[in-house]
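Colleague: I need the structure of the sequence given here:
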Amino acid sequence: MSTQRRFPTASLLAAIVAMVGTACGSGGTSQATAAKPAAVATSGHSQQPNVASQRAAMQKLDFLVGTWSGPETVITGSGAPLMLTQTEVVESKLGGLVMLVEGTGHNAAGQVLFTALATIAYDDATSSYRFRAYNSGNYVDAELKVAAQGFTWGYGAGAMKVSNTMQLNANGEWTETTETTIGSSPPRKTVDMTLQRQR
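Modeller: Model (predicted):
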């Protein structure tokens, strides 16, 4: 496994649009280099994977499965808000061992501005959830921490740190925020979205 990862400053779900705005302003694309993530189970492990353990762990995320859509506010690098409609399509794959998440953000005119694809899986060798998101030929590989009806994940790139928090609210809506910290500056909320289950 390489000691470094190449990933878009815009990562999956809500964070994808936030990082584009933070690193590039209102347009353009940028790349940054992340530190090596935690070890990932591979075929080189001396023990066979515990499939039952993986499947049981992934069941904690079953509440995500479905199609979700709703308003999203993104604060761009210039500080101007960008209003989008975000859609997340979440599917359980490989008999419940892997979750596939496809995110799309479009503006009021229906123009698609952001797309991304991610997988979530449980690594029983390290007792951790692995989250890998793809966008524009790049990817981010991070640990995802699961809570009751929610999750958190984040990463660092030089002086920039990104923290993403998702939680189902009392109405059963998918709420998600992204905070970005650069150097010693206080955290800045860059994304805020509330999605309703469509099916």
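Colleague: quick one: the helices in this protein?
Modeller: Secondary structure of the chain by DSSP state H: the helices cover 15-24, 51-58.
Colleague: Let me know the pLDDT of the closest residue to V101 other than its chain neighbours.
Modeller: Excluding its sequence neighbours, the residue lying closest to V101 (CB to CB, 6 or more residues apart in numbering) is A118, at 4.4 Å. Placement of C-beta: from N, CA and C, glycine included. The confidence metric pLDDT takes the value 97 at A118.
Colleague: Which one of the helices of the chain has the poorest average confidence?
Modeller: helix 15-24 (a mean of 40).
Colleague: how far does stretch 107-116 sit from the chain's center?
Modeller: Averaging C-alpha positions (CA atoms, centre = their mean, to the nearest Å) puts stretch 107-116 18 Å from its chain's average.
Colleague: now do stretch 162-169
Modeller: Using CA atoms, centre = their mean, the distance between the centre of stretch 162-169 and that of its chain works out at 9 Å.
Colleague: And stretch 119-135, by the same measure?
Modeller: That offset, for stretch 119-135, works out to 11 Å (CA atoms, centre = their mean).
Colleague: now do stretch 106-113
Modeller: When distances are taken as CA atoms, centre = their mean, stretch 106-113 is centred 20 Å away from the chain's centroid.
Colleague: For the nearest residue to V51 once chain neighbours are set aside, give me its contacts.
Modeller: Counting by CB to CB, 6+ apart, V51 lies nearest to L97, which is 6.9 Å off, once chain neighbours are set aside. Contacts were defined as CB atoms under 8 Å, 6 or more residues apart in numbering; by that measure L97 touches V51, Q54, R55, M58, A121, Y122.
Colleague: now the last one: how far from Y129?
Modeller: When you say that, I think you mean Y122. Note on Y122: its distance to Y129, by CB to CB, to the nearest Å, is 5 Å.
Colleague: ok, back up a step: list the contacts of the residue nearest to V101.
Modeller: Applying CB under 8 Å, 6+ apart to A118 gives the contacts L12, L13, L100, V101, E102, G103, F131, R132, A133, Y134.
Colleague: Need these in CSV (columns: distance to A157, neighbour count and pLDDT).
Modeller: Supplementary listing: the contacts of A118 in CSV, determined by distance: CB to CB, whole Å; neighbours: other CB atoms under 10 Å; pLDDT from 0 to 100:
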residue, distance to A157, neighbour count, pLDDT
L12, 15, 27, 46
L13, 17, 25, 43
L100, 25, 15, 99
V101, 21, 20, 98
E102, 24, 15, 98
G103, 20, 25, 96
F131, 16, 25, 97
R132, 16, 20, 96
A133, 14, 26, 94
Y134, 17, 17, 95
